[in-house]
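> Mind folding the following:
(one chain, ligands or ions: 2)
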Amino acid sequence: MILLAAIVAVGTLTAGLVVAVICRRLPSVRLQLAVFGVTVALLPLVAIISTGVVMFDSTHDLTIVLVASAGALAALVGAFVLGRSILEPMLRLRTASADLAAGHLGARADESGPTEVAEVARAFNQMGDRLEELFDARRQLVAWASHDLRTPLASLQAMLEAVEDGLAEPEDYLPAMRDQVTALGALVDDLFELARLDSGALTIELRDAGIEGLVESCLRGVEAEASARQISLETRIDDALPLARCAPEKVERVLSNLVRNALRHTPSDGAVAIVVRPDERELVVEVEDTGEGFAPEALRRMFDRFWRGDRARSADGAGLGLAIARGLVEAQGGRIWAENRQGGGGRVCFTLPAAASRGLVSS
Ligand SMILES: Nc1ncnc2c1ncn2[C@@H]1O[C@H](COP(=O)(O)OP(=O)(O)OP(=O)(O)O)[C@@H](O)[C@H]1O
Ligand SMILES: [Mg+2]
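Ligands and ions are numbered 1, 2, ... in the order given. Sure, this is the predicted structure:
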């Protein structure tokens, strides 16, 4: 008797496992649930009938078959109802993703249904939001880049036409034309640098270098402008400063943009200071000014490409300097951020790793 029970138990278990494996191969969730539901209802009954027939020669076969059929039907209905509640949100998700793939960036999935399916829909919607943001940013980038390229080109064309029509002498316009060509060249260089940062084509060779020399050379470049506007330039460099692991020419470019920004936003009689201090295993470089500081929107967006606090003053710059600065600092293993100073004015800081590790970093 015990042997028979053991045989039936092992047989039931094996049959259950075989059905589970077969279920996994079925093409749809609905079918998998239906087959599994029917099996779960039938298997115990088959086991009971077979042991009953062997042991007692049962006379209640019809009743048992009816109970088995009712159980199987209930399991089938349950499987379909359950399958619907899982499949419907998944089908909606499939429709939304097909729409998104077809280029409808506003397509979103319904976030209802069982928790796991709703979580997938939520993740899909977040991906849609992010994609929409990225496409918007790209659209803006192209619009702003073409605007900034068109402005100096239009002014060059107007000056050329004036000279061609004899309305002005070439030498009247030569300095202005040179300025416009320089501005165009700088903008194209910046766009090229950003494209190289994006594509990973910019390979930065890191070496151990002192920051003091870079600070001095950067200040020399803006001395004339600062003294013309009576802005004092100050440096505060910690005595025990370690060497930095960096690409000096890239650090100089970052520093120069930060100092020029600070000068541009500091009124006459103000002050701009470069502070360099060690902090654990890195160096922190801070450019402080006594200007207007940063509005909340500036703090959020100033490192975005082409973002300028005051778009009307387009002659001041393209709004690419800080985006490039961030790319260059991060390519050297540092961070960059901006904050308001307590007594007024702004501070833009970046870090560089202290000299220790060696190697090539590709941005
Ligand atoms: N020190 C600062 N004080 C106040 N606002 C600042 C300061 N530095 C940057 N900003 C704001 O951040 C914006 C973006 O700066 P970013 O250096 O990227 O561009 P830009 O200086 O306008 O042009 P570019 O650097 O390409 O010549 C500036 O237009 C300005 O509104
Ligand atoms: Mg700038």
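
> Show me the chain divided up by domain.
Domain assignment of the chain by automatic domain parsing yields the ranges 2-110, 143-199, 203-362.

> So what's the gap between the first one and the chain middle?
This means domain 2-110. 43 Å (C-alpha atoms, centre = their mean, to the nearest Å).

> Quick check: end-to-end length of that domain?
Domain 2-110 has its terminal residues 55 Å apart, counting by C-alpha to C-alpha, to the nearest Å.

> Please determine how far the residue nearest in space to the middle of the chain is located from F124.
Centroid-nearest residue in the chain: R130, 8.1 Å away (criterion: C-alpha atoms, centre = their mean). Computed as C-beta to C-beta, to the nearest Å, the R130 to F124 distance reads 11 Å. C-beta coordinates here come from the backbone N, C-alpha and C atoms, glycine included.

> quick one, which of the domains of the chain is nearest to F135?
domain 2-110 (6.0 Å; C-beta to C-beta).

> In the stretch 251-363 of the chain, which residue sits closest to ligand 2?
Proximity of the stretch 251-363 of the chain to ligand 2 (C-beta to the ion) peaks at G321, 2.8 Å away.

> The nearest residue to that residue once chain neighbours are set aside and H265, how far apart?
Nearest non-adjacent residue to G321, counting by C-beta to C-beta, 6 or more residues apart in numbering: N257, 3.9 Å away. Between N257 and H265 the distance is 13 Å, computed by C-beta to C-beta.

> Same question for E282.
From E282 to H265 the distance is 26 Å (C-beta to C-beta).

> Close to ligand 2: what parts of the protein are there?
Contact residues, the chain versus ligand 2 (C-beta under 5 Å from the ion): 257, 261, 317, 321.

> And the strands in this structure, which stretches?
For the chain, the strands defined by DSSP state E cover 203-205, 207-209, 232-237, 244-246, 271-279, 282-289, 336-340, 346-353, 360-362.

> count of residues packed around L214?
Using other C-beta atoms under 10 Å, L214 is surrounded by 23 other residues.

> what sits against it?
When contacts are counted by C-beta atoms under 8 Å, 6 or more residues apart in numbering, L214 touches 248, 251-252, 255.

> From L255, how far off is it?
From L214 to L255 the distance is 6 Å (C-beta to C-beta).

> next one: G345
Applying C-beta to C-beta, the value for G345 to L255 is 18 Å.

> ditto for L141
25 Å.

> more neighbours, the two?
Each of L141 and L255 has its neighbours counted (other C-beta under 10 Å); L255 has more, 23 against 16.

> Go ahead and confirm that one touches V276.
No. Using C-beta atoms under 8 Å as the test, L255 is too far from V276 to be in contact (9.8 Å).

> tell me, what's touching those two both at once?
The overlap between the contact sets of L255 and V276 (C-beta under 8 Å, 6+ apart) consists of 215, 285.
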